[in-house]
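**Student:** Next come a sequence and a model predicted from it.
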Amino acid sequence: MGQKAGWAPHRREVYKIAKNDGPRINREINVRTCRLIGVDGSQLGLFGLSDALRIANEQHLDLVEIAPNAEPPVCKVMDYRKYKYEQDRKAKAARKKQVKVEVKEMKFRPKIDVGDYTTKKNHVMRFLKKGARVKITIMFRGREMAHPEQGRMVLDRLAEDLKPYATVEQQPKMEGRNMHMLVAPIKGAFDEKGTKDNEKSEKEK
């Protein structure tokens, strides 16, 4: 009785570790029989767990339970440490390929003057050149709320000025006291044209 009582908690602990860290391997596997796959991917047939472990041990490899819900469960002979390393390497490479697109914001007023408009437009251009999407916000105050078309005119003008470099991802939309529009850079638009435009802007300052 003492041996049985001591074994039960150990099994639960092993299962908990396997569940959190990946598939069960070697002595963590607690099935009677399994369908065994060789290290080369060949189907070896049905084996008792002890025989499957022996085959893996003879090759100085691991027995890994790759399909625990199959009937019977499927196990494979492999170098688990090498397999885990390859999986982690692939996951890391996949994360590097994921491009995190930053969203910047630029705020305008509906009655903005030419100088401020040009300055803010240049800021938007710089954000776009760096690959960021830009949320354009028109802020209305007091009686300006009665004339939302003035804010729409600013957004339409900006969308037209940015047309060679950006597309409008989200059309102008009123939210509370603000009107928003989202623009995204056109791939390759700044390769040559953007550089010349920035040089021209710097000379005009």
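**Tutor:** Yes, it's here. A quick note: this is a predicted structure, and the numbers were derived from the prediction, not measured.

**Student:** What strands line up against the top strand by length along the chain, and which way round?
**Tutor:** The strand spanning the most residues in the chain, taking DSSP state E as the definition, is strand 166-175. Taking DSSP bridges as the criterion, strand 166-175 pairs within the sheet with strand 178-185 (antiparallel).

**Student:** what comes up buried for stretch 61-81?
**Tutor:** Taking 16 or more other CB atoms under 10 Å as the basis for neighbour counts, the residues of stretch 61-81 that come out buried are 61-66, 73-78, 80. From N, CA and C alone the C-beta is placed, and that goes for glycine too.

**Student:** Those in helices, which ones?
**Tutor:** For the buried residues of stretch 61-81, membership in helices holds for residue 80, with DSSP state H as the criterion.

**Student:** Dump the buried residues of stretch 61-81 to a markdown table, plus pLDDT.
**Tutor:** Rendered in a markdown table, the data for the buried residues of stretch 61-81 read as follows (pLDDT from 0 to 100):
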| residue | pLDDT |
| --- | --- |
| 61 | 95 |
| 62 | 95 |
| 63 | 95 |
| 64 | 95 |
| 65 | 95 |
| 66 | 92 |
| 73 | 94 |
| 74 | 96 |
| 75 | 96 |
| 76 | 96 |
| 77 | 96 |
| 78 | 96 |
| 80 | 93 |
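
**Student:** Mind putting the buried residues of stretch 61-81 into a markdown table with distance to residue 139?
**Tutor:** Below are those laid out as a markdown table (distance: CB to CB, whole Å):
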| residue | distance to residue 139 |
| --- | --- |
| 61 | 66 |
| 62 | 62 |
| 63 | 65 |
| 64 | 59 |
| 65 | 60 |
| 66 | 57 |
| 73 | 62 |
| 74 | 61 |
| 75 | 64 |
| 76 | 61 |
| 77 | 66 |
| 78 | 61 |
| 80 | 58 |
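
**Student:** of the buried residues of stretch 61-81, closest to residue 183?
**Tutor:** Checking the buried residues of stretch 61-81 against residue 183 by CB to CB gives residue 66 as the nearest, at 47.3 Å.

**Student:** what sits against the closest one?
**Tutor:** Shown here is residue 66, whose contacts under the criterion CB atoms under 8 Å, 6 or more residues apart in numbering are 23, 37, 74, 75, 76.

**Student:** Which single one of those residues is nearest to residue 125?
**Tutor:** residue 23 (51.2 Å).

**Student:** Specify the local secondary structure of the closest one.
**Tutor:** Of the three states, residue 23 takes coil under DSSP: H, G, I helix; E, B strand; the rest coil.

**Student:** So of the buried residues of stretch 61-81, which two are at opposite extremes in space?
**Tutor:** 61 and 73 (17.9 Å).

**Student:** So which bits of stretch 147-161 are buried?
**Tutor:** Counting neighbours by 16+ other CB under 10 Å, one finds that the buried residues in stretch 147-161 are 150, 151, 152, 154, 155, 158, 159.

**Student:** the domain parsing of the chain - what is it?
**Tutor:** What the record gives for the chain is the domain set 2-89, 103-204, from automatic domain parsing.

**Student:** now these in CSV, with distance to residue 97?
**Tutor:** Formatted as CSV, the entries for the domains of the chain read as follows, by distance: least, CB to CB, whole Å:
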stretch, distance to residue 97
domain 2-89, 13
domain 103-204, 15
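
**Student:** Kind regards, and thank you for your time.
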